[in-house]
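S.K.: Return a 3D structure for these sequence lines:
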Amino acid sequence: MDTATASSLVSRREGQTTRRSRQRELGMWSAFMLGGTYPASTQASNLRKIVCSLIRLDLWTLDTLKSACFRKHPEVINRGVERYEEFLDAELLTLHVCEDLYEVGFEARLQGYFGRLSVQQLLEYVRDLRTSAYYAELMHWRLVMAHTARSNLRGAQASSDRTAPKYMDWCETYQEYLVQLEADDGDRQQKLKAVEREVRFLRGHVKHAVGSGDLDDATLMQLRRKFEALQDHYPDVHDCIHGNRRNILTYEHVLWWDPDAEQRRVSQLDQAPEHAVEAYTSASPTLSFLVPTISLLSCIPAALAWSHASRQVGNAKDAEFYQLVSSSAMQLLGVVTLIWPTVFHARLGRLSWVLTWILAGSGACFTLLAVPLYLLLPTSWSALSSFGGSVALALVLLQLVHTI
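M.R.: So this is what the prediction gives:
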């Protein structure tokens, strides 16, 4: 059997072993995330996902600093490795040497660690900024190692007379040296991709937690500072992996955890409103001023009408009576038309729903009461009741503009 055939068989076996290993890891990860060992709390679940990503980044940072020292990069030798280890729990320090540190199933190893953490302890880990000061170095040195490994491989492929360095003295032939460089290049690229992918996962976990209301402003501010450290070299890392530069932190708007928020906002501004009520957003302050103001000013002519009205009781044969009946019917129709959709409207809050129905009920009562008052009391009382129904209807419109 020649060397190429043997190498092919070995690679095939390694691939099968890797696939089986990853299947086991995914099974462990599913059991870890779906197991019943943790309290059924949405906040705790969202915080565990965030802390899990942060722990991976912390351990990868330690592994990267030590690996850089081993490779004898002069800028990294003895630079804060021992101090960085002081920031991590002793239990976590024992995990950074695991072979599956960069694999999907590594999170299953954290099951026991998470089981001892309360929600408050999870929040404290999220707010801890000591390790995040080294995140920029994590991104930088992973990128340097990936570029170096790729450069060494291309150089060796272009020149067959290159010899292995001293730290690779076990490579006796050029072919062994080339195979080792290929393995080293694949390992460096895989680790760089794992870091970039985990950073995106972390942002997704933060977005989901914010949507569930599980993160307060102080915690979001601390997370933003972590992402600021990751942002320093993230565009270069993304360009190395995907061929284009992208940011992990968006500075243009406050929703930094949602990269599509600004695009959605601009898209919504460019689109014409589908319903008339959707066009009221920019006019709400104006309406909030006009409706109460005009309602109060209208009280002046209503009061003048009251003072100058006759004190005679109305009659069913009067033309004004039938005009009152028709106007009251149309006013009631307007109230029902406005209120009926709010019974099933998902965006109407509980308090807004109650206020709207109180105003609508008051308006309907005043409108209905105006008809019998015309026949029982002086007509000025009927006019006053009808005016009260009109004011209540205007306030109902204003309330719906603000809440829908």
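S.K.: The closest residue to residue 191 other than its chain neighbours in helix, strand or coil?
M.R.: Once flanking residues are discounted, residue 191 sits nearest to residue 102: 5.3 Å by C-beta to C-beta, 6 or more residues apart in numbering. (Glycine included, C-beta is placed from N, CA and C.) Classification of residue 102 by DSSP: H, G, I helix; E, B strand; the rest coil places it in coil.
S.K.: start the count at 47, not 1, going forward
M.R.: All set: I'll call the first residue 47, so the last point we hit is now residue 148.
S.K.: if I pick residue 148, what's in contact with it?
M.R.: Contacts for residue 148 were tallied using C-beta atoms under 8 Å, 6 or more residues apart in numbering; they are 106, 236-237, 240.
S.K.: are any of the residues you listed buried, and which?
M.R.: By neighbour count, with 16 or more other C-beta atoms under 10 Å, the contacts of residue 148 hold 106, 237, 240 as buried.
S.K.: List just the nearest of those residues to residue 446.
M.R.: residue 240 (51.0 Å; C-beta to C-beta).
S.K.: That closest one sits in which helix or strand?
M.R.: helix 220-257 (DSSP states H and E).
S.K.: For that helix, give the mean pLDDT please.
M.R.: For helix 220-257, mean pLDDT is 90.
S.K.: wouldn't residue 266 be in contact with residue 253 here?
M.R.: No. Under the criterion of C-beta atoms under 8 Å, residue 266 makes no contact with residue 253, lying 11.0 Å away.
S.K.: Could you tell me which residues touch both of those two?
M.R.: Contact criterion C-beta under 8 Å, 6+ apart; residues bridging residue 266 and residue 253 by contacting each: residue 303.
S.K.: element containing residue 416?
M.R.: Going by DSSP H and E, residue 416 is in helix 396-422.
S.K.: And the helices in the stretch 297-446 of the chain?
M.R.: Secondary structure of the stretch 297-446 of the chain (DSSP state H, counting those that start in this stretch): helices at 307-316, 330-354, 365-385, 396-422, 425-449.
S.K.: Out of these, which is the most enclosed?
M.R.: Most buried of those by mean neighbour count (mean count of other C-beta atoms under 10 Å) is helix 425-449; its value is a mean of 20.
S.K.: Which elements pack onto it?
M.R.: helix 330-354, helix 365-385, helix 396-422 (3 or more C-beta pairs under 8 Å, 6 or more residues apart in numbering; DSSP states H and E).
S.K.: Mind putting the ones you listed into CSV with mean pLDDT?
M.R.: Shown next, in CSV, are the helices and strands packed on helix 425-449 (pLDDT from 0 to 100):
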stretch, mean pLDDT
helix 330-354, 79
helix 365-385, 84
helix 396-422, 82
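S.K.: number of nearby residues for the nearest residue to residue 273 once chain neighbours are set aside?
M.R.: Leaving aside its sequence neighbours, residue 273 sits nearest to residue 295 (C-beta to C-beta, 6+ apart; 4.5 Å). Applying other C-beta atoms under 10 Å, we find 18 other residues in the vicinity of residue 295.
S.K.: cool, the one 5 residues further on as well?
M.R.: Here the number of neighbours of residue 300 (other C-beta under 10 Å) works out to 11.
S.K.: Can you list phi and psi of the closest residue to residue 240 other than its chain neighbours for me?
M.R.: Nearest residue to residue 240 in three dimensions, chain neighbours excluded: residue 148, at 4.5 Å (C-beta to C-beta, 6+ apart). Main-chain dihedrals, residue 148, degrees, to the nearest 10: phi -100, psi 10.
S.K.: Find me the pLDDT at residue 148, would you?
M.R.: 90.
S.K.: any idea how far it lies from residue 247?
M.R.: For residue 148, the distance to residue 247 (C-beta to C-beta, to the nearest Å) stands at 13 Å.
S.K.: mind listing what residue 443 touches?
M.R.: Going by C-beta under 8 Å, 6+ apart, residue 443 touches 337, 384.
S.K.: For residue 305, give me the backbone phi and psi.
M.R.: According to degrees, to the nearest 10, residue 305 has phi -70, psi -20.
S.K.: Hmm, residue 339 and residue 444 touching each other?
M.R.: No. Judged on C-beta under 8 Å, residue 444 makes no contact with residue 339 at a distance of 11.5 Å.
S.K.: before we move on, back to that, tell me which of the helices and strands packed on helix 425-449 approaches residue 172 most closely.
M.R.: Here helix 396-422 is closest among the helices and strands packed on helix 425-449 (C-beta to C-beta), at 31.5 Å.
S.K.: packing partners for the closest one?
M.R.: helix 365-385, helix 425-449.
S.K.: Of all those, which one comes closest to residue 168?
M.R.: helix 425-449 (35.3 Å).
S.K.: Relative to residue 367, how far out is residue 354?
M.R.: According to C-beta to C-beta, residue 354 and residue 367 sit 20 Å apart.
S.K.: what comes up buried for the helix holding residue 240?
M.R.: For helix 220-257, the neighbour count (16+ other C-beta under 10 Å) marks 223-224, 226-227, 230-231, 234-235, 237-242, 244-245, 248-256 as buried.
S.K.: packing partners for the following helix or strand past that helix?
M.R.: Sequence order places helix 263-277 as the next helix or strand after helix 220-257, per DSSP H and E. In terms of contacts (3+ C-beta pairs under 8 Å, 6+ apart), helix 263-277 is packed against helix 165-173, helix 181-204, helix 220-257.
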